[in-house]
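Participant: quick one, what's the 3D model for this:
(chains A and B)
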Amino acid sequence: MKRRSTSGLQRGLFAWSAAFLLALGAFRASASPAASKSPPFAAYVDELVQRATERGLWRDEGWLRLGHYRPGLFGGYESEVDGAAFFLAGDGKTNPRAELEASLRSLFTDPVPPEQSKQHPFCRFPARLLWLSKQLEFDWSRLPQQPCSDFAEYLERLEPASLTLVFSSYYLNNPASAFGHTFLRVNKRSRGAEDRQALLDYAIDFSATVDTTNALVYAAKGLLGMFPGVYRRIPYFYKVREYNDYESRDIWEYELDLSPAEVVMVSAHIWELGNTYFDYYYLDENCSYHILGALEVARPDLALIEHVNWPAIPADTIRALYHNPGLVRSVHYRPSARTSFTERLARLDPDEVDLVAALMGDPEAPLPDTLSDERRVRVLDAALDVADSRFASELVKEDRNRDVESSRVQQTLLERRARILMQSEMFEIEPPPRLAPHLGHDTRRLGLGSGWSPERGAYHQLGFRLALHDLADPPRGYPEAAQIEFMPMSFRYFVEDPRLWLEEWNLVRVLSVSPWTRFELPLSWTVRAGWDRYYDRGCRGCLATTGEVGGGFTLAAFDQALSWYALGVTEVAALAPIRGGIAGLPLRAGIGVHSGLRLRLGEDFVLLPEARFSWLPEQDPRTLLRAHGTLRYQYVRNFAFELNASLDPEERRVGAASLLYF
Amino acid sequence: MKSKVILLSLAGLMVSGPLMAQPKYGAAGCGLGSILFEPNSGTFMQILAATTNGSSGNQTFGITSGTSNCDASGGGEESAANFAATNRVAMSKDIARGQGETIQSVAELAGCQDSAAVGVSLQKNFSSIFPNASVSDQEVGAGVIRVLKSDASLSCTNLG
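Facilitator: As a prediction, this is how the structure comes out:
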C-alpha cells in the first residue's frame, strides 16, 4: 500500500505538472517556490492589472467562459453561476471586468497556512490562475505562492489524462430514462501493459439537489429554477452499475481529443465549480447544458453550448460535440444487462437457448451429459445474464434485504458455472450504429403539409412538437420501441371554407412498446393528455380535452424491424360540445383497443398503420373505429417526408407533409 | 530523471504537507441503493427525479469534499475490498466466469501483476468467497482479498 501510494503520488504529480508546465507557458524553472512575508508584490500585481486592462482581457472568450458569462438581455453580461462565493468582486456576477481585476488582486493576497489553504483564492480558483498566468505571462519570482494541499489531492486522485462525454441511453420501460442523461468522465492515465480500468475513473455529474418529496412542488421548483444545481464527483463504477445493470440502459462513451493541458484546465475549472451552484432549470440550464459549460473552458474555439437548443436534451450534447470536427477521438459502447443477454442468446444454437430456458425455470435443471464444457459455459453464461436482468431491482437493496428466491437462483447458477474451471471468452458487442445517439434527428420538429378530405376539401397543415420522437420518426439514434412526445400540436387551414383551427395540442404522448421475448414479458404502455378533435356524430369535429392510459403487449421480429402492439386503453373526453355523452353530459368515456403495426424498411423508411376501437357504454355513438397510417422517409438527418391517411367515422383524409427537425 | 525532479519541484508550487490522508473505507452504506436514492421517496418521485436529473440521494460525493468513505477507486487493500463489495453482483458473475472487467479493476486496485491469473485464482475459490447467497457484501470484499493474499504467485503488491 505504502510503496504504491508513493509511486502513485510521484506519477500523479509528474503527469499533472507536465501539463501544468505546458499551461504555464512562460513559467520559469528558476522561480522560487518559497513565499516570504510581506514582499513587494503589490506593485507587480498593479502592473499585471494594468496590462490586463490595456489589453481588454476581460472581454476575452476564455475569461467569459471561466466566469460562465452570457450576454444579458439589455446589454452587458451576466454569469449563470448563482453562488455568491464564486465571485471575488462585489458585482462580479454582472461585471466580468471587475471580476478579472479582483481575481488578479485576490490570487496574490498573503499566503495562509496549509490547513486554511482551501479558502485562499489561489487554491479556490486554479483554472483562473492557469489562464491568467498564460495570458499575462506571470513572472513567478515576483509573486507569492500558496501551497494547495486539497487541490493537489484532488488532482492526485483524478489523475486527469483525458476526458470522455458519457451518454446513458433511453429505455422507456424504465421511464426515468426517458430523455437519456449525459455526464463527464475524467480518465486516469493508463498504467503500462494492462488496459486502463475505466471503472476506476471519476464521473463528473451535474444534478439538482432536491429538498422535497412532493411531486408537484418538485415540478414547480424545477421549472422555475429553485433547486441548486451542483457538480458531483463519483467513481464511474457506480454509474455503470446504475445505468447498465439496474436501469438496463446502454452507455455510449465519447472520448474527446483534448491536449493534456486542456484536460488539466477543465479539471481545475471543475474544482472551482465544486464550491458553487447554479439554479437548476429542467428545460434549459440542466445537466446537459452545464456539463458542456464546464467542458468549453478547455479552449476558446470549442463551440458547444451554442449548439444546444431549447429545451436542452441530453442527446443534444453529443450532437454538439460533432459540430467540432475532430473533437470526438473514439466512441465506445457499454451494453446494458438487457442488451447483453439478448446478444448472448442470439449467439446460441436453438437447443442451447432451450437449455437456458430450462435453467430459468429451475436453476438445478440438469444439462445433458453429452454437452461439452465449452457449450455448458455458453449456456450458463447466458443464463447468468438473463437472471441479472430479471432480478435487477434487487441491486439497490442492502444485502440482508435481498429477495431469497432470486438470490438462490443466481447463487445456484453461479456455483454451477464456477465449477467449470474454464475462463469465458471476453464478450464484446459491436456498438449498433443504428442506435448511436449522435446520428439521431434533432429535438424539435416542424411539419408543413397539405391534404384533402371528401368532407372538408383541401387543407394545409402546420405542426410543431417541442420534443422528441415518435414511432414513425427517423429511427437512427433512437430506441426502436419508444415514443415520447412533449407538446405535439398541429393546426389546419381549410382552403374552400377558409378557416383555421387547432387540430390537436397534446401535453404529453408516450408509447412504450418493448417486445415480448421468451425470457421477458415487458408491459407495453401508453399515456396521453391534451386536446384532440373527434369526427363522429356525437362530436362532429369538436375539440375536446382528452386523456388516455393503456397497457398491453408487443411482439416483434427481424431485430425489431417489424413489430406489432396491442394495448387495452381507457379514454375520457370532456369540455367540448359532446352529444350523447354519459347521462347526457358533455362527457365521454370509453374502453377499447389501440393497435399498431410498425415496419422499418432499412434505415430510412418507417410504415406505421394504427387502429383504435373504442366502446362507449351507454353513450352515442356506442362504438368508435378510427384508423391512421403514416409512411415516413428520412432523406437527410434532419429532414423527412411523409404520406399520411386517416379514417374517422365522419372524416376521411389523405395528405403529405415535410418535416424539419431542429 | 533530472527533468522529473524539476517537474516535481514545480508541482511543489501548489503542494505541501502530507498528501495522503489515510482514507477511511467502509462498505456499509455504500451500496447502490444508498448512493442513488433517498430511502423514503416513492417510486413516482424517484422516476421524476431521475428523469430530470434531480439528485435526491445522499450527498456523499462532492467535487471538493475530499475522499468519501464510499470511494473505492484509489488503490490499496481497503479500496479493493470495498470495490468488490460495492460491485458484488457483477463481481460474482465475473468470478464465476473467471474473467471480466471487475476482476481487472480489483487486480489493478490490489496491484496484482496479471489480471488473467487473478481471474483463474478467484474462479477456483468461488465457493470460499460466495459460500451461500446470504453472505454479506462486506464478507464478499474480505473474501476476495483473502484469496488474493493467499495466492503468492499473484504478487498483489498493494495488499498490506
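
Participant: mean confidence for stretch A:558-574?
Facilitator: Per-residue pLDDT over stretch A:558-574 has a mean of 96.

Participant: cool, and stretch A:379-395?
Facilitator: Confidence over stretch A:379-395 (mean pLDDT, whole number) is 93.

Participant: report the buried residues of that stretch.
Facilitator: Neighbour-count burial for stretch A:379-395, with 16 or more other CB atoms under 10 Å in any protein chain shown as criterion, is recorded at A:379-392, A:394-395. C-beta here means a position set from N, CA and C on the backbone, and glycine is covered the same way.

Participant: now for those, which pair is the farthest apart?
Facilitator: A:Val379 and A:Leu395 (23.7 Å; CB to CB).

Participant: tell me the confidence at residue 6?
Facilitator: This is for chain A. At A:Thr6, the model reports a pLDDT of 36.

Participant: the intended chain is chain B.
Facilitator: According to the prediction, B:Ile6 has pLDDT 35.

Participant: which helix or which strand is home to whichever residue of chain B sits closest to chain A?
Facilitator: In chain B, the residue that lies nearest chain A is B:Ile63 (2.4 Å; CB to the nearest CB). Assigned by DSSP states H and E, B:Ile63 falls within no helix or strand.

Participant: is it in contact with A:Tyr231, as I believe?
Facilitator: Yes - under the criterion of CB atoms under 8 Å, B:Ile63 makes contact with A:Tyr231 at 5.2 Å.

Participant: need the residues touching each of those two.
Facilitator: Jointly contacting B:Ile63 and A:Tyr231 under the rule CB atoms under 8 Å, 6 or more residues apart in numbering or on different chains are A:Ile204, A:Ile270, A:Leu273, A:Gly274.

Participant: my guess is A:Asn309 meets A:Arg445, correct?
Facilitator: No - under the criterion of CB under 8 Å, A:Asn309 makes no contact with A:Arg445, lying 11.9 Å away.

Participant: tell me which of those two has more neighbours.
Facilitator: A:Arg445 (23 against 16; other CB atoms under 10 Å in any protein chain shown).

Participant: so the more buried one makes contact with A:Glu642?
Facilitator: No - using CB under 8 Å, A:Arg445 is not in contact with A:Glu642, being 11.2 Å away.

Participant: what sits in contact with each of these two?
Facilitator: When contacts are counted by CB under 8 Å, 6+ apart, A:Arg445 and A:Glu642 have A:Leu659 as shared neighbours.

Participant: please state the offset of stretch A:554-570 from the chain centre?
Facilitator: The chain centroid and the centroid of stretch A:554-570 are separated by 26 Å under CA atoms, centre = their mean, to the nearest Å.

Participant: stretch A:547-561 too?
Facilitator: Distance of stretch A:547-561 from the chain centroid (CA atoms, centre = their mean) equals 24 Å.

Participant: equivalent analysis for stretch A:257-277, please.
Facilitator: The answer for stretch A:257-277 is 21 Å, by CA atoms, centre = their mean.

Participant: residues in contact with the closest residue to A:Asp536 other than its chain neighbours?
Facilitator: Once flanking residues are discounted, A:Asp536 sits nearest to A:Pro649: 4.1 Å by CB to CB, 6 or more residues apart in numbering or on different chains. A:Pro649 makes contact with A:Tyr535, A:Asp536, A:Arg537, A:Pro621, A:Leu624, A:Leu625, A:Arg626, according to CB under 8 Å, 6+ apart.

Participant: so how far is chain B from A:Pro649?
Facilitator: Per CB to the nearest CB, to the nearest Å, A:Pro649 is found 37 Å from chain B.

Participant: does the closest residue to A:Phe494 other than its chain neighbours lie in a helix or a strand, and which?
Facilitator: Spatial nearest neighbour of A:Phe494, excluding adjacent residues (CB to CB, 6+ apart): A:Tyr459 at 4.9 Å. Secondary structure assigned from DSSP H and E places A:Tyr459 in strand A:457-469.

Participant: remind me what that strand packs against, helices and strands.
Facilitator: Strand A:457-469 is packed against strand A:445-453, strand A:482-494, strand A:651-661, with contacts defined by 3 or more CB pairs under 8 Å, 6 or more residues apart in numbering or on different chains; DSSP states H and E.

Participant: residues near the residue of the stretch 201-350 of chain A found nearest chain B, how many?
Facilitator: Ranked by CB to the nearest CB, the top residue of the stretch 201-350 of chain A for proximity to chain B is A:Gly274, at 2.4 Å. Using other CB under 10 Å, the number of residues around A:Gly274 comes to 19.

Participant: tell me the pLDDT at it?
Facilitator: Note for A:Gly274: predicted pLDDT of 93.

Participant: give me the distance between the spatially closest residue to it that is not a sequence neighbour and B:Ser34.
Facilitator: Counting by CB to CB, 6+ apart, A:Gly274 lies nearest to B:Ile63, which is 2.4 Å off, once chain neighbours are set aside. Computed with CB to CB, to the nearest Å, the distance linking B:Ile63 and B:Ser34 is 20 Å.

Participant: hmm, back to that, most neighbours of all the shared contacts of B:Ile63 and A:Tyr231, which one?
Facilitator: Going by other CB under 10 Å, A:Ile204 tops the shared contacts of B:Ile63 and A:Tyr231 with 27 neighbours.

Participant: roughly how far apart are that residue and A:Arg55?
Facilitator: Distance from A:Ile204 to A:Arg55, by CB to CB: 32 Å.

Participant: what ranges does the stretch 151-300 of chain A have for its helices?
Facilitator: Per DSSP state H, counting those that start in this stretch, the stretch 151-300 of chain A carries helices over the ranges A:215-223, A:236-240, A:260-273, A:287-295.
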